[in-house]
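A.B. asks: kindly return the folded structure for what I paste below:
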Amino acid sequence: MTQGPETPFDLQVPRRIHIVGIGGVGMSGLASVLVGRGHRITGSDLKDSPYLAKLRLLGVRAEIGHRSENLPPDLDAVVVSTAIPETNAEVTTAREWGLPVLRRSDLLRLVVDTRRAIAVAGTHGKTTTTTMTALILREAGWRPSFLIGGHVNETGSNAHDDDGEWLVVEADESDGTFLEFAAEAVIVTNIESDHMDHWKTFEQLVEGFRTFLSRPGGPRVACADDPVAARLAEEIPGVVTYGFSALADYRIERRLGASGGSDFVLTHLTGAKDPASIAETHHDGTVLGTISLPVPGRHNTLNAAGAAALALELGIPFATIATALGRYAGVARRFHFRGEVDGVTLVDDYAHLPTEIRATIATAVEGHWTRVIAVFQPHHYFRTSVMWEEFARSFAGADVVVVTDVYGPGETPLPGVSGRRIVDAIIDGDASATVVYNQHRSDLLDQVRAITQPGDVVLMMGSGDITNLAEDWLRRAESAPAG
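C.D. replies: The predicted structure follows:
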């Protein structure tokens, strides 16, 4: 999708913008920020959603269905999400009217360019790290705006426009969008093979991250525990690192984890980083203090350290950082406790990649439940076709694993690609867990309920409609006859 004929388009004056596909988490966030800045916004989507309901409360006219008549007559531009084809009725009408047709990345760049930007990128962990960074800046009184790919529990929204000079944005590498705007400061959480339909090769993906990490003139932070991010940090002058690694500039020490959260000490390494002189048990640096994080998981400790490192490089006091992270309430669908039914704890999680699944299960193991039941819904046929073997050892620590068929809305199924491939990979890679295949999504709740017993935790993982499973479970429990 490319821009149509236009004079240079900016957002310094109020505009009338129509967004096709406005109901997604990214587009709805951009829309709410634009409304906050005085622009007049309309939009459309194929189905209703809570995001559309929130936009309507802001005065946005959001229509269901894509029709030419949804376009107001006095538009300045039309913006389309990545899922919208050129044949869309609203797009073709905009072309006929001679209007600029902008991609989501074009609009994001225009919004980001109005502030000093902090961008967070990585294969996983970026939503949480972006949220933590924004909350630290808020605690410091910097009044940042933010655009995040998840629902932030503290604010009740995934986006916010404020009058401070900074904007914190979750930068998406899936289609190269993170290279289309200028950021003054950046964080890279990790770099793993994903979105090969766009990047084609892992080497090209790494080069994209190299560019992202090299450009900014302000602080640049990368995770020392991720081998690829750590290598880039070594190769690019001025990049600061964080993690459990003995060579991290900001190192996590003495972590104590539990189901309700974790405490850890953060130290700052000074002087040369010489592997021969720094033992794994001794970090020759300054102890900054202790952070008490109220969400569980080793991965969340890493995310907190990344946000803290960036904030410290910006000059925010450690005490302010510790206070902000000590009140962190999480992001929706990130080890999200949904409730308990008959002694079974229900947890909803967005994890859909092998490393994310390992982190979620490891978090559950720290909680000391009797058994860990992992329910996983693979996402996208292409991703499953190229990554299915990588799931072989992702479920270590789970007692029972239930794998559904592939969730691929709008996709044409690929021959021979199903959840069965992942089941076979798990069985071949880790024989300790009981592995079950669910071929029909409609039977999933009954199947999982039959497996569980009091004391279990059920992890419902994936980025598709698996998120509805906990709600369906709770609703059925509420409607069950008493006794």
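
A.B. asks: what's the local residue count around Q12?
C.D. replies: Using other Cβ atoms under 10 Å, Q12 has 8 other residues around it. Any C-beta I mention is one placed from the backbone N, CA and C, and that applies to glycine too.

A.B. asks: pLDDT weak spots in the stretch 301-450 of the chain?
C.D. replies: 330-333, 430-431 (pLDDT under 70).

A.B. asks: strands of that one, residue ranges please.
C.D. replies: Assigned by DSSP state E, counting those that start in this stretch, the strands in the stretch 301-450 of the chain fall at 336-341, 344-349, 371-376, 400-404, 434-438.

A.B. asks: can you give me the buried ones in the last one?
C.D. replies: Which is strand 434-438. 435-438 (16 or more other Cβ atoms under 10 Å).

A.B. asks: distance of the residue nearest the centre of the chain from F146?
C.D. replies: Using Cα atoms, centre = their mean, the residue of the chain that lies closest to the mean C-alpha position is T127, 3.5 Å off. Per Cβ to Cβ, to the nearest Å, T127 is found 11 Å from F146.

A.B. asks: ok, F212 next?
C.D. replies: Separation of F212 from F146 (Cβ to Cβ) stands at 19 Å.

A.B. asks: what does A396 give?
C.D. replies: 35 Å.

A.B. asks: who has more neighbours, those two?
C.D. replies: F146 (27 against 16).

A.B. asks: what about the strands in the stretch 1-150 of the chain?
C.D. replies: Under DSSP E, counting those that start in this stretch, the stretch 1-150 of the chain gives strands at 16-20, 40-45, 61-64, 77-80, 101-103, 116-121, 145-152.

A.B. asks: reformat those as a markdown table; add mean pLDDT and distance to T189.
C.D. replies: Listed next are the strands of the stretch 1-150 of the chain as a markdown table, based on pLDDT from 0 to 100; distance: least, Cβ to Cβ, whole Å:
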| stretch | mean pLDDT | distance to T189 |
| --- | --- | --- |
| strand 16-20 | 96 | 28 |
| strand 40-45 | 95 | 30 |
| strand 61-64 | 94 | 33 |
| strand 77-80 | 94 | 28 |
| strand 101-103 | 92 | 25 |
| strand 116-121 | 95 | 7 |
| strand 145-152 | 76 | 13 |
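
A.B. asks: need these in JSON lines (columns: distance to H268).
C.D. replies: As requested, those are exported to JSON lines (distance: least, Cβ to Cβ, whole Å):
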{"stretch": "strand 16-20", "distance to H268": "44"}
{"stretch": "strand 40-45", "distance to H268": "44"}
{"stretch": "strand 61-64", "distance to H268": "47"}
{"stretch": "strand 77-80", "distance to H268": "43"}
{"stretch": "strand 101-103", "distance to H268": "41"}
{"stretch": "strand 116-121", "distance to H268": "20"}
{"stretch": "strand 145-152", "distance to H268": "26"}
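
A.B. asks: so which of these is nearest G261?
C.D. replies: strand 145-152 (17.6 Å; Cβ to Cβ).

A.B. asks: so which residues of the stretch 201-350 of the chain form helices?
C.D. replies: 202-214, 227-235, 298-314, 318-326 (DSSP state H, counting those that start in this stretch).

A.B. asks: out of these, nearest to R95?
C.D. replies: helix 202-214 (30.3 Å).

A.B. asks: which ones are touching M27?
C.D. replies: Applying Cβ atoms under 8 Å, 6 or more residues apart in numbering to M27 gives the contacts 19, 21, 43, 79, 81, 104.

A.B. asks: farthest-separated two in the residues you listed?
C.D. replies: Greatest spatial distance in these: G43 and R104, 12.2 Å, computed using Cβ to Cβ.

A.B. asks: still on that earlier bit, can you put the strands of the stretch 301-450 of the chain in JSON lines and add distance to A224?
C.D. replies: What follows is the strands of the stretch 301-450 of the chain, written out as JSON lines (distance: least, Cβ to Cβ, whole Å):
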{"stretch": "strand 336-341", "distance to A224": "28"}
{"stretch": "strand 344-349", "distance to A224": "25"}
{"stretch": "strand 371-376", "distance to A224": "29"}
{"stretch": "strand 400-404", "distance to A224": "31"}
{"stretch": "strand 434-438", "distance to A224": "34"}
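
A.B. asks: count the neighbours of R15 for me.
C.D. replies: R15: 18 surrounding residues under other Cβ under 10 Å.

A.B. asks: pLDDT at it, what is it?
C.D. replies: R15 is assigned a predicted lDDT (pLDDT) of 93.

A.B. asks: for it, which non-adjacent residue is closest in space?
C.D. replies: D76 (4.5 Å; Cβ to Cβ, 6 or more residues apart in numbering).

A.B. asks: again with R371
C.D. replies: Nearest to R371 is D399, by Cβ to Cβ, 6+ apart, at 4.2 Å.

A.B. asks: now do V458
C.D. replies: Spatial nearest neighbour of V458, excluding adjacent residues (Cβ to Cβ, 6+ apart): I373 at 4.6 Å.

A.B. asks: ok, now I361?
C.D. replies: Nearest residue to I361 in three dimensions, chain neighbours excluded: G397, at 4.6 Å (Cβ to Cβ, 6+ apart).

A.B. asks: who's in contact with that neighbour?
C.D. replies: 361-362, 364-365, 372.

A.B. asks: max pairwise distance over the residues you listed: which two?
C.D. replies: A362 and V372 (9.7 Å).

A.B. asks: neighbour count winner among these two?
C.D. replies: Using other Cβ under 10 Å as the criterion, A362 and V372 rank with V372 on top: 24 against 17.

A.B. asks: quick one: that one and V295, what's the gap?
C.D. replies: Taken as Cβ to Cβ, the span from V372 to V295 is 18 Å.

A.B. asks: surely the residue nearest to R15 is in contact with P14?
C.D. replies: No. Using Cβ atoms under 8 Å, D76 is not in contact with P14; the gap is 9.1 Å.

A.B. asks: tell me which of the two has more neighbours.
C.D. replies: Higher neighbour count among D76 and P14: D76, with 17 against 12, using other Cβ under 10 Å.

A.B. asks: tally of neighbours for P378?
C.D. replies: By other Cβ under 10 Å, 26 other residues sit near P378.

A.B. asks: revised request: answer the last question for E390.
C.D. replies: By other Cβ under 10 Å, neighbour count at E390 equals 17.

A.B. asks: that one touches P354, doesn't it?
C.D. replies: Yes. Taking contacts as Cβ under 8 Å, E390 lies within contact range of P354: 4.7 Å.

A.B. asks: residues shared between the contacts of those two?
C.D. replies: With Cβ under 8 Å, 6+ apart, E390 and P354 have no common neighbours.

A.B. asks: enumerate every residue touching E165.
C.D. replies: Neighbouring residues of E165 by Cβ under 8 Å, 6+ apart: 115-116, 142.

A.B. asks: D175: which of those residues is nearest?
C.D. replies: Distance to D175, by Cβ to Cβ, is smallest for R115 among the contacts of E165, at 22.4 Å.

A.B. asks: correct me if wrong: the closest one contacts D162.
C.D. replies: No. R115 is beyond contact range of D162, at 9.6 Å (criterion: Cβ under 8 Å).

A.B. asks: report the buried residues of stretch 223-235.
C.D. replies: 223-226, 228-230, 232-233.

A.B. asks: I'd like the residues you listed laid out as CSV, including pLDDT.
C.D. replies: Converted to CSV, the buried residues of stretch 223-235 look like this (pLDDT from 0 to 100):
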residue, pLDDT
C223, 97
A224, 97
D225, 96
D226, 95
V228, 95
A229, 96
A230, 96
L232, 96
A233, 96
